[in-house]
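> quick check, what structure comes out for this input:
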Amino acid sequence: MLRTSIEGKIFAIALIAITLGSGVPFLLQQLGAGPLLAWSGGMLLALVMGLLLLRPLTRNLNRALESFRSGLLNFRDGDFSISLAMKRSDQLGELAALYNEVGEILRRERAHIHQRELLLDTVIQSSPLALLLVDQRGHVIYANTSARHMLHDGKPLQGLALDQVLPLCPPELSQAIQSRQDGLISFMDGDNNQTLHISNSTFVLNAQKHRLILLREMTRELTRAEVQVWKKVIRLISHELNNSLAPISSMAHSGKMLSKKIQSQQLAGVFDVIAERCRHLTEFTQGYARFAKLPPPVCEEVPWSALIARIQPLHPFRQLGELPARPGYFDPAQIEQALLNLLKNAAESGSAPEEITLTIETDAHGQLLTVCDRGTGMSDRVLQQALLPFYSTKPQGTGLGLALCREIADAHGGQIQLHNREQGGLQVRLWLPW
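Model prediction:
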């Protein structure tokens with residue numbers, strides 16, 4: 001398309017006006033008009049012709065400038081959806097094309113930024129890390145899902161003052177947030193001991209100081225690390241004991257054979273005691289070794305009736321409620337072992353056998369197995385340490401029953417919880433995800 005400039009159009013109009021203004025006087029003089037009248041008429045005609053030719057040009061120019069003004073006002077307001085429908089072959093047409101191109105780029109960039117903001121918000125909202133953003137006046141301006149559940153029972157936090165929220169938290173957590181403490185804090189949440197890592201940072205946003213509080217649940221991570229340390233200790237002790245027990249057992253057997261030759265019943269009895277203690281220590285270390293070398297679960301569908309039939313003869317209990325129609329999904333050998341440990345503990349708690357119950361429930365998220373008794377329950381101190389390896393309140397206990405149950409639950413991606421019942425006894429909830 002032939003491109004003409006505004007300057008060229010104005011020059012052409014001026015040239016036409018000058019040509020008419022200089023040509024008309026000569027024509028008027030030939031028709032008998034005086035020089036003054038002829039030149040005055042020529043100048044007047046040139047001026048009128050120039051104004052008539054410039055009017056369309058200036059009108060279009062004003063319209064174009066008004067369109068640009070409206071478009072730039074939309075840009076200022078953040079609206080990039082307006083394009084200029086201006087078909088011109090001059091600089092204004094080229095400027096309109098550039099305006100439309102810039103508007104399209106800004107639309108794409110804003111859509112891209114919006115998608116990234118949605119992605120970032122989705123990641124933050126689904127993160128297990130609790131995030132709390134507080135302005136310089138102490139009001140919460142952003143809180144993700146984890147923060148709402150941790151600090152406000154899932155209710156919205158945005159707009160609330162931090163001083164309104166902290167009294168609802170455990171005192172240790174409230175004190176750590178108020179004092180801007182960084183590091184690990186522990187507190188009791190009901191019957192469970194919780195450990196959080198808290199960090200604080202300050203930055204300037206929109207010329208105002210803001211405080212970012214991050215809370216990370218560390219209970220499961222620390223528990224796993226603790227269990228790994230226990231397993232390492234168990235493997236080391238088992239290895240050393242087995243290295244010593246094997247020759248001692250062999251020597252005890254040889255000594256007993258020798259005592260028979262010399263017909264010494266007293267000496268044979270001594271070697272029998274040594275051999276018996278060796279067998280006991282071997283069984284003892286094998287129990288710990290099973291805990292230290294628990295294999296990964298091999299999950300499969302298990303009918304609940306089959307599970308009940310296998311464990312009922314070993315430790316009697318009452319089944320409460322109907323069995324779910326949907327089969328369970330877990331490692332049958334490991335879950336059987338966990339349930340037998342829990343039922344054994346219930347039987348040894350002093351509970352009447354008819355008060356020991358098992359309830360099985362399922363929902364869209366997982367499977368819940370609840371073992372209840374009416375025994376002596378547990379003190380707060382025992383509840384805090386009951387799931388640790390080697391910890392036991394029984395004179396002959398090994399401290400592995402509940403620890404093994406927790407290890408089995410963790411291996412399945414689930415959890416185990418212990419609670420004292422209101423009228424006496426203990427409730428153990430074993431939850432397993434599908």
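> helix, strand or coil: sort out residue 406 for me.
Three-state call for residue 406 (DSSP: H, G, I helix; E, B strand; the rest coil): helix.
> wait, residue 184
At residue 184, secondary structure determined by three-state DSSP is strand.
> and the contacts of stretch 153-170?
If you take CB atoms under 8 Å, 6 or more residues apart in numbering as the criterion, stretch 153-170 is touched by 132, 134, 138-143, 145, 147-148, 151-152, 174, 177-178, 187-189, 194. (C-beta placed from N, C-alpha, C; glycine too.)
> what comes up buried for it?
Going by neighbour count (16 or more other CB atoms under 10 Å), the buried part of stretch 153-170 is 157, 160, 162, 165-166, 169-170.
> swap in stretch 40-48?
Using 16+ other CB under 10 Å, the residues of stretch 40-48 that count as buried are 41-43, 45-46.
> closest one of the residues you listed to residue 426?
Taking CB to CB as the measure, residue 46 is the one of the buried residues of stretch 40-48 closest to residue 426, at 110.8 Å.
> which SSE is that closest one in?
helix 35-76 (DSSP states H and E).
> toward the C-terminus from that helix, list the very next helix or strand.
With elements assigned by DSSP H and E, the helix or strand that comes after helix 35-76 is helix 91-126.
> now for the next helix or strand after that next one, which elements pack on it?
Moving toward the C-terminus from helix 91-126, the first helix or strand encountered (DSSP H and E) is strand 130-135. Contact partners of strand 130-135 among helices and strands, from 3 or more CB pairs under 8 Å, 6 or more residues apart in numbering; DSSP states H and E: strand 140-143, helix 145-152, strand 208-217.
> among the ones you listed, which is nearest residue 365?
Proximity to residue 365 (CB to CB) singles out helix 145-152 among the helices and strands packed on strand 130-135, at 15.3 Å.
> can you dump the C-alpha atoms of the helix or strand following the closest one in CSV for me?
On the C-terminal side of helix 145-152, the closest following helix or strand by DSSP H and E is helix 162-165. Listed in CSV are the C-alpha atoms of helix 162-165, where the atom choice follows Å, rounded to 0.1, in the frame of the first residue of the first chain:
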residue,chain,number,x,y,z
LEU,A,162,-2.8,-11.8,64.7
ASP,A,163,-3.6,-11.1,68.4
GLN,A,164,-7.1,-12.6,67.8
VAL,A,165,-5.7,-15.8,66.4
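> tilt between the next helix or strand after helix 162-165 and helix 145-152?
Heading C-terminal from helix 162-165, the first helix or strand you meet, by DSSP H and E, is helix 171-178. Between the direction of helix 171-178 and that of helix 145-152, the angle (axes from the mean of the first three to the mean of the last three CA atoms, to 10 degrees) works out to 120 degrees.
> ok, and what's touching helix 171-178?
By CB under 8 Å, 6+ apart, the residues outside helix 171-178 that reach it are 162, 166-167, 169, 181, 185-187, 196, 198, 213.
> do you know the pLDDT at residue 337?
As predicted, residue 337 sits at a pLDDT of 84.
> who's in contact with it?
Counting by CB under 8 Å, 6+ apart, residue 337 makes contact with 404, 408.
> quick check: buried residues in the helix or strand that contains it?
According to DSSP H and E, residue 337 maps onto helix 332-347. The neighbour-count check on helix 332-347 (16+ other CB under 10 Å) flags 332, 334-343, 345-347 as buried.
> in its sheet, what does the helix or strand following that helix sit against?
If you walk from helix 332-347 toward the C-terminus, the next helix or strand you reach (DSSP H and E) is strand 357-362. Strand pairing for strand 357-362, determined by DSSP bridges: strand 318-320 (parallel), strand 366-372 (antiparallel).
> next SSE after the shortest one?
Which is strand 318-320. Taking DSSP H and E as the definition, the helix or strand right after strand 318-320 is strand 328-330.
> orientation of the lengthiest strand in the chain relative to strand 130-135 in degrees?
Looking across the chain with DSSP state E, the single longest strand is strand 192-205. Strand 192-205 and strand 130-135 meet at an angle of 40 degrees, taking the same axes, to 10 degrees as the criterion.
> what packs against strand 192-205?
The contact analysis (3+ CB pairs under 8 Å, 6+ apart) places strand 192-205 against helix 171-178, strand 183-189, strand 208-217, helix 219-261.
> mind listing what's buried in stretch 360-376?
Applying a neighbour-count criterion of 16+ other CB under 10 Å, the buried positions in stretch 360-376 are 360-362, 366-375.
> what residue is smack in the middle of this structure?
For the chain, the residue lying nearest the average C-alpha position, counting by CA atoms, centre = their mean, turns out to be residue 127 (1.5 Å).
> surely it meets residue 147?
No - Residue 127 sits out of contact with residue 147 when judged by CB atoms under 8 Å, with a separation of 9.9 Å.
> all set now, cheers.
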